[in-house]
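# predicted coordinates and the sequence they were generated for:
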Amino acid sequence: MEAQEGEKVEQYEKIKARYNEGANAADFLFLTRTAYGGVMRFRKSDGYMSTPCGAHKPIHFGTFGRRVDEWSKRVSGTEFFHREYAESLDQARDGDVVYCDPPYNHSQAILYGAQGFDHDHLFRCIEAAKKRGVFVALSLDSSKKSGAKDCEYRFPKNLFAREIAVNCGRSMLKRFQMGGQTLEGEIVTDRLMLTH
Ligand SMILES: C[S@@+](CC[C@H](N)C(=O)[O-])C[C@H]1O[C@@H](n2cnc3c(N)ncnc32)[C@H](O)[C@@H]1O
């Protein structure tokens with residue numbers, strides 16, 4: 001078992017090094033399935049992918065292949081854009097629906113914190129879109145059963161008309177961090193904020 005674990009990390013580091021030498025789709029895909037928490041973290045200075053190997057057993061390539069085939073059917077006809085959220089929100093028009101899933105303040109600071117995400121700016125963009133008749137749904141972290149932290153956000157007045165509590169089950173990150181123990185006390189509740 002230990003030998004396998006050792007080999008896993010060694011192979012992972014080899015593929016990561018190859019990817020960092022020259023970005024390519026196959027290695028990228030492998031790394032997304034194998035990296036710690038499935039998180040692809042790139043160094044700001046030079047774009048180096050720096051995530052260590054995950055503690056989990058990566059998905060079997062056969063199962064992954066079937067999922068890719070299924071998703072390929074589901075997203076056929078969908079157009080994807082890689083861009084700033086502000087640009088996407090800006091293009092939304094009366095009657096459009098926008099779902100925002102930004103980096104969370106607390107639980108994901110370690111993942112996305114380096115990006116210095118400004119939630120207040122996002123709220124202002126949502127406010128402008130709402131004024132044009134766009135329906136916006138936004139998910140945010142709210143509470144954790146253990147280690148309760150203050151996850152308060154400063155929403156512009158009357159921006160959101162409704163708030164729905166969504167039970168997200170056990171925290172994925174915590175599960176990795178605590179070596180796969182069952183985490184009865186780590187139920188995560190998110191908030192779904194709706195402008196209408
Ligand atoms: C909570 S994750 C979204 C996860 C996604 N909904 C999913 O299911 O895979 C937050 C995402 O916001 C992205 N992000 C951070 N800053 C952004 C920006 N300024 N504009 C657009 N996306 C941004 C991050 O790269 C990250 O992928």
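Noted; the coordinates are in hand.
# keeping just the C-alphas, turn stretch 128-136 into CSV.
The C-alpha trace of stretch 128-136 is given here as CSV (Å, rounded to 0.1, in the frame of the first residue of the first chain):
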residue,chain,number,x,y,z
ALA,A,128,-26.4,47.0,-12.2
ALA,A,129,-27.6,43.9,-13.9
LYS,A,130,-30.7,43.7,-11.7
LYS,A,131,-31.6,47.2,-12.7
ARG,A,132,-31.7,46.1,-16.4
GLY,A,133,-34.1,43.3,-15.5
VAL,A,134,-31.6,40.4,-15.1
PHE,A,135,-32.5,37.7,-12.6
VAL,A,136,-29.4,36.7,-10.6
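# just how off-centre is it within its chain?
Computed by CA atoms, centre = their mean, to the nearest Å, the chain-centroid distance of stretch 128-136 equals 24 Å.
# which parts of that stretch are buried?
Neighbour-count burial for stretch 128-136 flags 129-130, 134-136 (criterion: 16 or more other CB atoms under 10 Å). For glycine as for every other residue, the C-beta is placed from the backbone atoms N, C-alpha and C.
# quick one: these as a markdown table, columns for secondary structure too.
As requested, those are exported to a markdown table (DSSP: H, G, I helix; E, B strand; the rest coil):
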| residue | secondary structure |
| --- | --- |
| Ala129 | helix |
| Lys130 | helix |
| Val134 | coil |
| Phe135 | strand |
| Val136 | strand |
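# which other residues reach the longest helix anywhere in the chain?
Under DSSP state H, the helix in the chain containing the largest number of residues is helix 2-21. Here helix 2-21 makes contact (CB atoms under 8 Å, 6 or more residues apart in numbering) with 24, 27-28, 30-31, 34-35, 48-49, 53.
# much appreciated, bye for now.
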